[in-house]
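Q: Quick one: sequence plus predicted model below, questions after.
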Amino acid sequence: MQSRYLIWLLLLPVLFGFRAVPLANNWAVSKSDPTLWIKMCSIPVFSRTDFPEGDPLAGTNPDFNAVLQSVIDDYNAVGSSFVRLAVYPADPNNPGAPAPGDSAFTTALGAVRTIDICFSHQTFTGGFTVQKHEGNRVIGCSIKISDASSSNARAVARTLTHELGHCFGLAHPQETTHSVMSYFSDAIRLQIDDKMGLTYLYPTSGSAKENATLGLACAPE
């Protein structure tokens, strides 16, 4: 009997999907102070920019800054989640006015709310993410992306979107292709599953709960 219960527990993530697995606690952000900053340690140059029809960058020849901004815009457009992304200021001591809805940057906030992104010469494909913790809070995140895919703007956009999801606390769903976090999807941008995961972790209205609805619903409580 116990083995039967164990089998069901192992099957639950496959049947219902845990989009927002709390691998670590959340960032110290709030609806009134929502911003994390992205800081680059290197900038790739693209030789391919084959975004599909319907993508915001389709038919354009974007540089890296345009690709990064499109990823930021995608995250910031999730209206049911309050968390926001912005580019780390070029001069932290003189950051200028924040964009509407963003937190005002300070070096103290930047020290505990920065996502570092580097393109690595190591032999791996795609990217990987490491969170930094202090007590029960995330205080930093590091993303490394393979140089092997850095010349393809579409691949970089997908990898950035996927790895940023890990920085926020999203995991790999096992039951759906409607997620940029899924191993079974070739999506470039955030999908419905990803947006529900962000809403679960950083809801604009009260708290959020995840219902067992085969990955089709996530409603605020």
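A: Good, I have the coordinates.

Q: Pop out the phi and psi values for Gly101.
A: Dihedral pair for Gly101: phi 90, psi -20, per degrees, to the nearest 10.

Q: measure it to Val83 for me?
A: According to C-beta to C-beta, to the nearest Å, Gly101 and Val83 sit 11 Å apart. Any C-beta I mention is one placed from the backbone N, CA and C, and that applies to glycine too.

Q: These two: which is more packed in?
A: Each of Gly101 and Val83 has its neighbours counted (other C-beta atoms under 10 Å); Val83 has more, 22 against 11.

Q: which residues are common contacts for Gly101 and Val83?
A: Any residue near both Gly101 and Val83 by C-beta atoms under 8 Å, 6 or more residues apart in numbering counts here, and that gives Pro34.

Q: following the helix or strand of the chain with the lowest mean pLDDT, which helix or strand comes up?
A: Ranking every helix and strand in the chain by mean pLDDT, DSSP states H and E puts helix 2-16 at the bottom, with a mean of 40. Following helix 2-16 in sequence order, the next helix or strand is strand 35-40 (DSSP states H and E).

Q: Strands of the chain, start to end?
A: 35-40, 84-87, 114-120, 127-134, 137-146, 208-210, 218-220 (DSSP state E).

Q: With distance to Leu68 and mean neighbour count as extra columns, can I get these in TSV?
A: Putting the strands of the chain into TSV (distance: least, C-beta to C-beta, whole Å; neighbours: other C-beta atoms under 10 Å) gives the following:
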stretch	distance to Leu68	mean neighbour count
strand 35-40	7	20
strand 84-87	7	19
strand 114-120	8	19
strand 127-134	14	15
strand 137-146	12	20
strand 208-210	28	17
strand 218-220	27	17
